[in-house]
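Chemist: Generate coordinates for the sequence data below:
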Amino acid sequence: MTAPSPPQLPGRRLAANVMQFARLLRRAGLPVGTAEITAALEGLALVNLGDRGEVETALAATMVHRQEHRELFDRAFALFWRNPAATRQEAMLSLLAPEKLRPERPAPGSRRLQEAFAPPRQGRVREQEAPPAIEAVLTASERERLQELDFEAMSAAEIAAAKAEIRRLVLPLDLRRTRRRRADMGGPEIDLGGTLRLSLRQGGEILRLARQRRVTRPPPLVVICDISGSMARYTQLLLHFVHALTNLREHVHVFLFGTRLSNVTRQLRHRDPEVAFQLVAHIVPDWSGGTRIGEALATFNQFWARRVLAEGAVVLLVSDGLDREGARGLAANMDRLRRSCRYLIWLNPLLRWDGFAPRSQGIRAMLPYVDEFRPVHNLQSLRALVSLLSRPVTRGRSLDIWRKAA
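Modeler: Sure, this is the predicted structure:
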């Protein structure tokens, strides 16, 4: 019996096009490298190249590792492997009804994809040959602008710079005294048991007093993050912030929820963020879907609260408060969560708007049970969060304004 012959790889022209497509995806922010290109060429050898759907499926299966990257991949595929007939049809339809086909708001990743298709600028060589002093000034101003730039408006290069800034953030949670004690010769308390054990070495005579002190350590940190469609633009960078927390500190627990709750603490322990996010994408089935905040919090309170909310835990609830269930059971579950933790902080990207008002049912149901209500939409807001968690716990006075409005 003869062994099956290996599949024939595509020709040079198609291989060059696949490589150019991979470079386009990489410039748009997708992690596509040599391994993905090789797997894509092997996959194309097994499908019908005359079928556009099979080609797209083969490339997506080998080049897309995270669910949130699929939408950007589909748009890049439609633009790069353009169908001439479809292009002419779209042009004719746009002439007939331009106001209906014009999108009100660009989709997430459109700016990065546009920059990836744009040709490289000719002025890059001149910028590199500029004096170092001028480059330092421009770098400082660009860094200041990056602090206040909304995550939604960032380009691919700005997102990469923001990820580097997030990795530099340090989160020194305020230390809290525990019930545990450790031996310390300069401690303020006398250790009676330790003193008696020392006396046994001297024939029962007490010649030296053993001392001890209370152990202090940061309280546990629990992050409950919304990954629904309305939060998709912010989830990418927020997960980098949460990944940095998980790898820098002990007793950090991370939960993601859309229509269901998923514990991703173990996956985010991986040092490499890309590998960690790939592991997370495999176990979280509801990326960019609907939101059931009340149901997710009910699952957390029932199965996880007693395990992770011990020793005065601090809870970060990241959500816009838009619940598809109409806030059913949300108030009761928020009340139970608040009673189980030491400090409950709600991070809401909608607070970036000056005219924000708590009008939705979900926001009105959640506000009475949080200790802090803060925005999370840029690097400056993340730095403010780090500063807040570094201080002793104090209840936020700004909540009174929001509670009255609710």
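
Chemist: Regarding the most far-flung residue of the chain relative to its centre, what is its secondary structure?
Modeler: Of all residues in the chain, residue 203 has its C-alpha farthest from the mean position, at 61.4 Å, by C-alpha atoms, centre = their mean. Following DSSP: H, G, I helix; E, B strand; the rest coil, residue 203 is assigned to coil.

Chemist: same thing with residue 186?
Modeler: Following three-state DSSP, residue 186 is assigned to coil.

Chemist: what residues are up against residue 295?
Modeler: With contact set as C-beta atoms under 8 Å, 6 or more residues apart in numbering, residue 295 has these partners: 259-260, 325, 329. No exception for glycine: its C-beta is placed from N, CA and C like everyone else's.

Chemist: repeat for residue 238
Modeler: Counting by C-beta under 8 Å, 6+ apart, residue 238 touches 225, 318, 376.

Chemist: Could you check how far the second one is from residue 223?
Modeler: To tie it back to what came earlier, the one meant is residue 318. With distances defined as C-beta to C-beta, to the nearest Å, the gap from residue 318 to residue 223 amounts to 7 Å.

Chemist: The last one now?
Modeler: Between residue 376 and residue 223 the distance, using C-beta to C-beta, works out to 11 Å.

Chemist: Now the common contact residues for the two.
Modeler: A shared contact of residue 376 and residue 223, defined by C-beta under 8 Å, 6+ apart, is any residue touching both; here these are residue 318.

Chemist: the bottom helix or strand of the chain by mean pLDDT?
Modeler: Least confident helix or strand, the chain: helix 98-101 with a mean of 41, by mean pLDDT, DSSP states H and E.

Chemist: surely residue 231 meets residue 348?
Modeler: No. Under the criterion of C-beta atoms under 8 Å, residue 231 is not in contact with residue 348, lying 9.9 Å apart.

Chemist: Which neighbours do these two have in common?
Modeler: Common neighbours of residue 231 and residue 348, using C-beta under 8 Å, 6+ apart, are 319-320.

Chemist: Report how many residues lie close to the nearest residue in space to residue 264 that is not next to it in sequence.
Modeler: Spatial nearest neighbour of residue 264, excluding adjacent residues (C-beta to C-beta, 6 or more residues apart in numbering): residue 280 at 4.8 Å. The burial count assigned to residue 280 is 23, neighbours taken as other C-beta atoms under 10 Å.

Chemist: mind checking the SS state of residue 76?
Modeler: Assigned with three-state DSSP, residue 76 falls in the helix class.

Chemist: can you tell me which residues contact the residue nearest the centre of the chain?
Modeler: Nearest to the centroid of the C-alpha atoms of the chain, with distances taken as C-alpha atoms, centre = their mean, sits residue 239, at 1.7 Å. Listed by C-beta under 8 Å, 6+ apart, the contact set of residue 239 reads 225, 268, 277, 280.

Chemist: Closest to residue 47 out of those residues?
Modeler: Proximity of the contacts of residue 239 to residue 47 was ranked by C-beta to C-beta; the top entry is residue 277 with 27.6 Å.
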